[in-house]
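Participant: Below is the structure, and that's it, no one-letter string:
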C-alpha cells in the first residue's frame, strides 16, 4: 500500500513537471510549430510562441512586445488578410538560434532567424525577397 501511494505521488509529480519540460523546445521545433500555426492561419498559436518582451525586426520596422506582435500577426495573417502559403524549404539551428528558409509558391521568399530562450521566441529577424521572375525573364 505504501509503495503504491509513493508510486502515485511520483507519477503526479512527473505529470506536473511535464508541461514545464514540454515548453523547452529547440529552435527547430519552435520554427516548425510556428510555420504549422501559420499554415492554419492560427494567429493566436503563432503569438503564443513569443516571449512577453520579444522583438521582431524587419526592413524598416521593429515590433516590440507580445501584444504588438499579436496585432502585427493578425494584420498579416488574420481573417481579413490575403492568404499566403508559406512553405519551409530548410530549417537549421545551433544552440538557441534557428533559421528557416521559406517560400510562397509564385510569391515572395525569404528567411527568418530566431533566438529562442526557454521555449519562446525572444528575437525574430525577417528577411524577405521579391517575387521571383517568370522563367526566361
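Facilitator: Structure's in. What do you need? Not measured: the values here are computed from a predicted model.
Participant: Would you tell me what the next helix or strand after the helix or strand bottoming out on mean pLDDT in the chain is?
Facilitator: For the chain, counting by mean pLDDT, DSSP states H and E, helix 2-22 ranks last in confidence among helices and strands (a mean of 43). Going down the chain from helix 2-22, the next helix or strand is helix 27-39, by DSSP states H and E.
Participant: tell me how far that following helix is from the chain's mean position?
Facilitator: 5 Å (CA atoms, centre = their mean, to the nearest Å).
Participant: again with stretch 59-67
Facilitator: 15 Å.
Participant: so how far does it reach from one end to the other?
Facilitator: For stretch 59-67, the first-to-last residue distance is 20 Å (CA to CA, to the nearest Å).
Participant: Please give me every residue in contact with residue 47.
Facilitator: Contacts here follow CB atoms under 8 Å, 6 or more residues apart in numbering; on that basis residue 47 touches 66, 69-70, 73. Any C-beta I mention is one placed from the backbone N, CA and C, and that applies to glycine too.
Participant: cool, residue 65 as well?
Facilitator: Per CB under 8 Å, 6+ apart, neighbours of residue 65: 52-54.
Participant: looking at these, which has the most residues close by?
Facilitator: When these are compared by neighbour count (other CB atoms under 10 Å), residue 54 ends up highest, at 22 neighbours.
Participant: can you pull out the strands in this protein?
Facilitator: 50-58, 61-64, 87-94, 97-103, 109-117, 120-128 (DSSP state E).
Participant: tell me the mean pLDDT over the last one?
Facilitator: Averaging the model's pLDDT scores along strand 120-128 yields 95.
Participant: The third one now?
Facilitator: Per-residue confidence for strand 87-94 averages out to 93 on the pLDDT scale.
Participant: list the helices and strands that strand packs on?
Facilitator: helix 27-39, strand 97-103 (3 or more CB pairs under 8 Å, 6 or more residues apart in numbering; DSSP states H and E).
Participant: Who are the contact partners of the residue nearest to residue 120 when sequence neighbours are not counted?
Facilitator: The shortest distance from residue 120 to any non-neighbouring residue, by CB to CB, 6 or more residues apart in numbering, is to residue 51 (4.0 Å). Residue 51 makes contact with 66, 117-118, 120-122, according to CB under 8 Å, 6+ apart.
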